[in-house]
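Engineer: let me see the structure of the following:
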Amino acid sequence: EITRAFGGEQKLLSAAGNIIAPGYTAGKILWLKKHHADLYKRMRWVMLPHDYLNYRLTGRAFMEYGDASGTGLLDIRKKQWREDLIQAIDPHLKNALPPLVEPDEEAGRVSEEAAALWGLKPGIPVSSGGGDNMMGALGTGCVRDGVITMSMGTSGTLYGFSKSPVVDPRGVLAAFCSSTGGWLPLLCTMNCTVATELTRELFNMEVKEIDQAASRAPAGAEGVAMLPFFNGERVPALPRGKASIMGLTAANYSPQNIARASLESAVYGMKTGLERFRELGFEVREIRMIGGGAKSSLWRQMAADVLGVPVRIPLQTEAAALGAALQAAWMLGGGGQQKLEELTDEHVLLDQQAFCEPDTSLQAAYTEAYSRYLSWLEALSPLYR
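Structural biologist: Numbering: from 1, shown residues only. Okay, the predicted model is just below:
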């Protein structure tokens, strides 16, 4: 509805840099206005969760560019709220959008009220913080060219730092701002460990058992492919999508092949994003992998093999929490790109024992398997549009 009011997806991409996806804040604001008009009229501020925490800490309403770009209401090139997009929802909405702050700027200080409530010292500086992916980028050292971070959790994300705006004319990559003063083009899929968890439950396996089963099947799972759209899908844009297991025959119908297909399907989703990064001019030297999937040695190696890029694992598994701490230290240290890179070089340590190089002997098998995956995707997508 917002997209139609603005003039269509291409106009949105050209003007603001992003398509408004169903999960963005803009659509939720419109839903609130239409279905709970009384609550909408009482709304003072539009905030994401960490913005609200900062508001409670400081008494000040503000938002940083990373989260603001995820609302769908930001001009990501100019880093400003876009008036014509706001008008498409409600002319008065602009009064509820908080001021924007720089990520290395002190966003406020702990108020007397917050200090008394939570046992803190009043006057402690508060940094802007950021969303999970933006903080994950910081916590994995994804603050310069050549490094891509891949998070394998319930959903899957793939993102890389850029010093200039990256707008994907096809809309595969979301044109987000980073929480470090640059930009963070990002792919987000809705089904990653969802597929493996449901497969594990289906076969009554423990976490280690599904890895063991998958490891007994060859690369490409003997032609078995999974489209893991158990929750619909964001990329490709199939919100009504359904999951499928394809390519089954009497010869390859086994728990081992299905288990492997569930693991491979998540990586194939990431591969579509990596290919788009390269098409848009990114030189990818290595991938830093975080999330629950990073704990699986099989999945780590599979990612390196399918993507054809070395995969490295940070020692600090809570990358977003580390990123938030580094952003605060960056703010206290005066900000700037040089200081940011120095901090991440010092504090983001990599697990040398978990380093994975692509196995070139599997390249042909995975090229064929990925091609099959894309063919199934192309064949079934029209059913869900």
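
Engineer: please enumerate the strands of the chain.
Structural biologist: Applying DSSP state E to the chain gives strands spanning 63-64, 74-75, 80-81, 100-101, 108-109, 125-126, 147-152, 156-160, 174-177, 183-189, 225-227, 244-246, 286-290, 311-312.

Engineer: mean neighbour count, these: which tops it?
Structural biologist: Across those, the average number of neighbours (mean count of other Cβ atoms under 10 Å) peaks for strand 63-64, which reaches a mean of 28. Placement of C-beta: from N, CA and C, glycine included.

Engineer: which residues touch that strand?
Structural biologist: Strand 63-64 is contacted from outside by 47-48, 51, 97-103, 107, 128-130, 179, using Cβ atoms under 8 Å, 6 or more residues apart in numbering.

Engineer: what of stretch 4-12?
Structural biologist: Identification of contacts with stretch 4-12 by Cβ under 8 Å, 6+ apart yields 3, 15, 18, 19, 20, 84, 85, 88, 171.

Engineer: what sits against the residue nearest to the third one when sequence neighbours are not counted?
Structural biologist: Computed as Cβ to Cβ, 6 or more residues apart in numbering, the closest residue to residue 18 that is not its neighbour in sequence is residue 175, at 5.1 Å. Taking Cβ under 8 Å, 6+ apart, we find residue 175 in contact with 17, 18, 69, 76, 165, 166, 167, 168, 183, 185.

Engineer: and the fifth one, how close does it get to residue 182?
Structural biologist: Between residue 165 and residue 182 the computed distance is 9 Å (Cβ to Cβ, to the nearest Å).

Engineer: picking that back up, mind picking the two most distant members of the contacts of stretch 4-12?
Structural biologist: Longest distance between any two of the contacts of stretch 4-12 is 19.0 Å, between 84 and 171; criterion Cβ to Cβ.

Engineer: could you dump stretch 377-385 to PDB, C-alpha only?
Structural biologist: Output in PDB follows, covering the C-alpha atoms of stretch 377-385 (Å, rounded to 0.1, in the frame of the first residue of the first chain):
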ATOM      1  CA  LEU A 377      13.400 -22.300  -7.300                       C
ATOM      2  CA  GLU A 378      12.600 -20.900 -10.700                       C
ATOM      3  CA  ALA A 379      10.000 -23.700 -11.400                       C
ATOM      4  CA  LEU A 380       8.100 -23.400  -8.100                       C
ATOM      5  CA  SER A 381       8.300 -19.600  -7.300                       C
ATOM      6  CA  PRO A 382       5.300 -18.800  -9.600                       C
ATOM      7  CA  LEU A 383       3.100 -21.000  -7.300                       C
ATOM      8  CA  TYR A 384       3.600 -18.600  -4.400                       C
ATOM      9  CA  ARG A 385       3.400 -15.200  -6.100                       C
END
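
Engineer: circling back: how near is the residue nearest to residue 18 to residue 310?
Structural biologist: Applying Cβ to Cβ, the value for residue 175 to residue 310 is 27 Å.

Engineer: name the residues that touch stretch 35-49?
Structural biologist: 25, 29, 32-33, 55, 61, 63, 67, 70-71, 93, 96-98, 131.

Engineer: quick check on those: which are buried?
Structural biologist: Among the contacts of stretch 35-49, those classed as buried by 16 or more other Cβ atoms under 10 Å are 25, 29, 33, 55, 61, 63, 67, 70-71, 93, 96-98, 131.

Engineer: quick check: mean pLDDT of the longest helix seen in the chain?
Structural biologist: In the chain, with assignment by DSSP state H, the single longest helix is helix 255-279. Average pLDDT, helix 255-279: 97.

Engineer: let's number from 7 now, not from 1
Structural biologist: Got it, the first residue is 7 from now on, which makes the last one we talked about helix 261-285.

Engineer: tell me the angle that helix makes with strand 189-195.
Structural biologist: Calculated by axes from the mean of the first three to the mean of the last three Cα atoms, to 10 degrees, helix 261-285 forms an angle of 150 degrees with strand 189-195.

Engineer: per-residue confidence at the spatially most central residue of the chain?
Structural biologist: Centroid check for the chain by Cα atoms, centre = their mean gives residue 163 as the closest residue, at 3.6 Å. What the model reports as pLDDT for residue 163 is 96.

Engineer: list the contacts of it.
Structural biologist: 139, 142, 155, 156, 157, 192, 193, 194, 195.

Engineer: make sure the first one is actually in contact with residue 164.
Structural biologist: Right, residue 139. No - using Cβ atoms under 8 Å as the test, residue 139 is too far from residue 164 to be in contact (9.6 Å).

Engineer: shared neighbours of the two, anything?
Structural biologist: In contact with both residue 139 and residue 164: 157, 192, using Cβ under 8 Å, 6+ apart.

Engineer: and residue 25, how many neighbours does it have?
Structural biologist: 20 (other Cβ atoms under 10 Å).

Engineer: any idea how far residue 383 is from it?
Structural biologist: Between residue 25 and residue 383 the computed distance is 19 Å (Cβ to Cβ).

Engineer: hang on, the earlier thing: may I ask which of the contacts of stretch 10-18 has the most neighbours?
Structural biologist: Highest neighbour count within these, by other Cβ under 10 Å: residue 24, with 28 neighbours.

Engineer: about what we covered before: out of the contacts of stretch 41-55, which comes closest to residue 297?
Structural biologist: residue 137 (14.7 Å).

Engineer: so who does the closest one touch?
Structural biologist: Here residue 137 is in contact with 54, 56, 72, 73, 76, 185 (Cβ under 8 Å, 6+ apart).

Engineer: the fifth one contacts residue 184, correct?
Structural biologist: Yep, that's residue 76 we're talking about. No - the criterion here is Cβ under 8 Å, and residue 76 misses it with residue 184 at 11.8 Å.

Engineer: many thanks, we can stop here.
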